[in-house]
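A.B. asks: fold the following.
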Amino acid sequence: MTTILLLGTTLLLFLSMVANSLYIFVVLPNRWRRPYEESLALLDSDDRDELEQADRLLGQAVNAGPRGKGLSQIRFAQAYVRAMLGTYEPARYAAAATVLDELVDVDGHSAHTAYLELWVQSRLENHDRVADLYAEQYELLNTRPHSRRIAAASHLQLALGHWRRRETDGALHHFDRVRELGELTERIPPEVNDLQLVKGVQAVFDGRTDEARDAFANARRRNAERGVPTVQAELGLLVCDWAEGDPRQLAEWLDRLAQEVRREAAALAREPREDAEVKERQRTTELLRTGIALLRLVALVREWLRRPALSGAPSTADFAEFDERVKAVRTADPELGDAALIGGLVHYCFALSQSEREQALAVLDGGTGLAKGIMLPEVLDLIERERALGGEGDAISRYLALITEFLDDPDRAPEDRAHYRRLKAKFTRFQDAYGIEDEAMPTQRATPDDQRRRSQALRHRIELIVYPRVRGLPDDAPAKLALRELLAELDRASEVYTRGAEVLYGAEQRLITSTGAILLPEETDVQEDA
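C.D. replies: Next up, the predicted model:
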């Protein structure tokens, strides 16, 4: 009996195990496998209703309680179908990303889940996540060209964002990643190659020389790696050393850069293409040629400034080299006024005669009419003042006109008018006397207030007359000191005019005589009369 009970119990246990096995391995899988397999048939459809039906079937499959690999397959299919539905309803992309996160947390990344997450994150415009995911799962994704294209698109978006915010280093980093991926490189703006240069230029203007030097050095390195000319970066580095550098060494550096620019220009001249890129390179080469020529000119002037004190003016050979460099700037850009500005000012400062000074002023005046002409207010004011003052001939004409007025003054004593006639005779051989009469013309006597105003006007006229002769003299020159003292005497005499006109007339006569001595210093007898 006991044996029979044991056999019966064993049989019941066996049948129970068989039943449980059939339920677990047959009944339950059929409960989720059927909707899962039906959904797979709909996944290739572009119809929204069919995709919605696939999503519902996959939801039923998940609710059927699958485990292990089956659950992972269903969750992946669910993420995929929701990603496809994102085409019609963008919020579904986030739902697909959530399912993928749960799947990856359990099983980790596979080639399929990594690619699907890359695609979904790109649709969500999470470009930072796309870049990081591609770097993390490089081995799984690098073999798929479309994965590289998705990553390149995100790097491109990140680079453009940095560029708009003027974050040069970030923009260059992502543009470099696009080049490494080998996808969408045609979307990289041509200006990208100048970003480090732009950063360096901005740093120079802001006074951040060390940062500018680093930017130009990086630009030179990048251009060398890409096999393109490094002249612009080299020129930026030269600018960083400009303030403290030796002018001779800077000039040698500029000469080397000028040779490179000439070689580049010759290569472009032989270029059979005439597209926009070649024209842009030609324009850049012309600008570099002009900039280098201008810097060579300024470097020469700085070299002169470094010479010892009292070493004398530049020699004839110095001026020959200077004029050659001025010509180089003018040849590089005929419409640039800098050549006229520097050339005219230097020759004006070192002019040895009125004719040389007038030639320099003519150069400056010509520079104002160019397309990119001289606009400095100080230089324009200098030209205007020189036009108003005229040369030494105009000074003599003003002096003779002043003598005429004193001869016409009835208050002057006969001996004073005789003195003025002698002065007039000294100057008639240099300038037409404009019909100065020997006899005084009757005029009304001046009041004390009128006399003070006349003294102020006389002071101003004397200053204008002698300016062409004394402007190049130092402040302690005898002629300037004497003129300054006589003007001061005139001011004092004008103040005490009410006490008698003799003091004022004497001061005026001495001032007029001294002015004549300045205009014609070789006339010693005029000085004796003074």
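A.B. asks: which ones are touching residue 364?
C.D. replies: Residues near residue 364 by Cβ atoms under 8 Å, 6 or more residues apart in numbering: 340-341, 344-345, 348, 374, 379, 382-383. For glycine as for every other residue, the C-beta is placed from the backbone atoms N, C-alpha and C.
A.B. asks: can you put those residues in TSV and add secondary structure and pLDDT?
C.D. replies: Shown next, in TSV, are the contacts of residue 364 (DSSP: H, G, I helix; E, B strand; the rest coil; pLDDT from 0 to 100):
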residue	secondary structure	pLDDT
340	helix	94
341	helix	94
344	helix	93
345	helix	93
348	helix	89
374	coil	91
379	helix	89
382	helix	84
383	helix	84
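A.B. asks: let's have these in a markdown table, adding distance to residue 462 and neighbour count.
C.D. replies: Output for the contacts of residue 364, formatted as a markdown table (distance: Cβ to Cβ, whole Å; neighbours: other Cβ atoms under 10 Å):
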| residue | distance to residue 462 | neighbour count |
| --- | --- | --- |
| 340 | 33 | 25 |
| 341 | 32 | 21 |
| 344 | 29 | 25 |
| 345 | 28 | 20 |
| 348 | 24 | 20 |
| 374 | 31 | 21 |
| 379 | 27 | 20 |
| 382 | 21 | 16 |
| 383 | 23 | 18 |
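A.B. asks: name the nearest of the residues you listed relative to residue 473.
C.D. replies: When the contacts of residue 364 are ranked by distance to residue 473 (Cβ to Cβ), residue 348 comes first, at 15.5 Å.
A.B. asks: quick one: that closest one from residue 362, how far?
C.D. replies: Using Cβ to Cβ, to the nearest Å, residue 348 is found at 10 Å from residue 362.
A.B. asks: ditto for residue 60
C.D. replies: Distance of residue 60 to residue 362, computed by Cβ to Cβ: 96 Å.
A.B. asks: the more surrounded of the two?
C.D. replies: For residue 60 versus residue 362, neighbours defined as other Cβ atoms under 10 Å are more numerous around residue 60 (16 against 13).
A.B. asks: quick one: low-confidence ranges for the stretch 51-200 of the chain?
C.D. replies: Low-confidence segments of the stretch 51-200 of the chain, defined by pLDDT under 70, span residues 65, 67, 190-193.
A.B. asks: so which residue is dead centre in this structure?
C.D. replies: The residue lying closest to the centre of the chain (Cα atoms, centre = their mean) is residue 201, at 5.6 Å.
A.B. asks: that residue falls within a helix, correct?
C.D. replies: Yes - the assignment for residue 201 by DSSP: H, G, I helix; E, B strand; the rest coil puts it in a helix.
A.B. asks: what's it in contact with, if anything?
C.D. replies: Residue 201 neighbours (Cβ under 8 Å, 6+ apart): 212, 236.
A.B. asks: longest helix of the chain?
C.D. replies: helix 276-305 (DSSP state H).
A.B. asks: need phi/psi at the nearest residue to residue 223 once chain neighbours are set aside.
C.D. replies: Leaving out its chain neighbours, the residue that sits closest to residue 223 by Cβ to Cβ, 6 or more residues apart in numbering is residue 230, at 4.6 Å. Taking degrees, to the nearest 10, you get phi -110, psi 20 for the backbone angles of residue 230.
A.B. asks: what separation is there between residue 230 and residue 127?
C.D. replies: 32 Å.
A.B. asks: ok, back up a step: can you count the residues close to the residue nearest to residue 223?
C.D. replies: 18.
A.B. asks: could you list which residues are in contact with it?
C.D. replies: Contacts for residue 230 (Cβ under 8 Å, 6+ apart) come out as 219-220, 223-224.
A.B. asks: now do the SS call for residue 513.
C.D. replies: helix.
A.B. asks: can you check the pLDDT for it?
C.D. replies: pLDDT for residue 513: 77.
A.B. asks: pretty sure it is touching residue 420, no?
C.D. replies: No - using Cβ atoms under 8 Å, residue 513 is not in contact with residue 420, being 9.2 Å away.
A.B. asks: neighbour count for those two, which is higher?
C.D. replies: Higher neighbour count among residue 513 and residue 420: residue 420, with 22 against 19, using other Cβ under 10 Å.
A.B. asks: any idea which element the more buried one lies in?
C.D. replies: Per DSSP states H and E: residue 420 is located in helix 414-427.
A.B. asks: can you list the buried residues in that helix?
C.D. replies: Neighbour-count burial for helix 414-427 flags 416-417, 419-420, 423-424, 427 (criterion: 16 or more other Cβ atoms under 10 Å).
A.B. asks: again with stretch 486-497
C.D. replies: Quick answer for stretch 486-497 (16+ other Cβ under 10 Å): 486-487, 489-490, 493-494, 497.
A.B. asks: gap between the longest helix of the chain and the chain center?
C.D. replies: 15 Å (Cα atoms, centre = their mean, to the nearest Å).
A.B. asks: again with stretch 72-82
C.D. replies: Its chain's C-alpha centre lies 55 Å from the corresponding centre of stretch 72-82 when counted by Cα atoms, centre = their mean.
A.B. asks: highest neighbour count among the contacts of residue 230?
C.D. replies: Ranked by neighbour count (other Cβ under 10 Å), those have residue 219 at the top, with 25 neighbours.
A.B. asks: ok, it - contacts?
C.D. replies: With contact set as Cβ under 8 Å, 6+ apart, residue 219 has these partners: 196-197, 200, 230, 232-233, 236.
A.B. asks: that older thread, now, which of the buried residues of stretch 486-497 sits nearest residue 76?
C.D. replies: Among these, residue 487 lies closest to residue 76 (Cβ to Cβ), at 101.2 Å.
A.B. asks: quick check, pLDDT for that closest one.
C.D. replies: Per-residue pLDDT puts residue 487 at 78.
A.B. asks: next up, the contacts around it.
C.D. replies: Taking Cβ under 8 Å, 6+ apart as the criterion, residue 487 is in contact with 459, 462-463, 511.
A.B. asks: okay, and it sits in which element?
C.D. replies: Assigned by DSSP H and E, residue 487 belongs to helix 478-495.
A.B. asks: still on that earlier bit, show me which of the buried residues of stretch 486-497 is closest to residue 172.
C.D. replies: Nearest to residue 172, judged by Cβ to Cβ, of those is residue 487 at 66.2 Å.
A.B. asks: quick check: that closest one vs residue 480, distance?
C.D. replies: Going from residue 487 to residue 480 by Cβ to Cβ gives 11 Å.
A.B. asks: the helix or strand containing residue 263 versus helix 276-305: what angle between them?
C.D. replies: Under the criterion of DSSP H and E, residue 263 resides in helix 247-269. Helix 247-269 and helix 276-305 are oriented at 160 degrees to each other (axes from the mean of the first three to the mean of the last three Cα atoms, to 10 degrees).
A.B. asks: just the CA trace of helix 247-269, in CSV.
C.D. replies: In CSV, the C-alpha atoms belonging to helix 247-269 read as follows (Å, rounded to 0.1, in the frame of the first residue of the first chain):
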residue,chain,number,x,y,z
PRO,A,247,63.1,97.2,-35.6
ARG,A,248,65.9,95.7,-37.6
GLN,A,249,64.9,92.1,-36.7
LEU,A,250,61.2,93.0,-37.3
ALA,A,251,62.1,94.3,-40.7
GLU,A,252,64.0,91.1,-41.6
TRP,A,253,61.0,89.1,-40.5
LEU,A,254,58.8,91.3,-42.7
ASP,A,255,61.1,90.7,-45.6
ARG,A,256,60.7,86.9,-45.3
LEU,A,257,57.0,87.3,-45.1
ALA,A,258,57.0,89.5,-48.2
GLN,A,259,58.9,86.8,-50.1
GLU,A,260,56.3,84.2,-49.1
VAL,A,261,53.5,86.5,-50.2
ARG,A,262,55.2,87.0,-53.6
ARG,A,263,55.5,83.2,-54.0
GLU,A,264,51.8,82.8,-53.1
ALA,A,265,50.8,85.5,-55.6
ALA,A,266,52.9,83.8,-58.3
ALA,A,267,51.2,80.4,-57.6
LEU,A,268,47.8,82.0,-57.7
ALA,A,269,48.6,83.7,-61.0
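A.B. asks: what packs against that helix?
C.D. replies: Judged by 3 or more Cβ pairs under 8 Å, 6 or more residues apart in numbering; DSSP states H and E, helix 247-269 is in contact with helix 231-240, helix 276-305.
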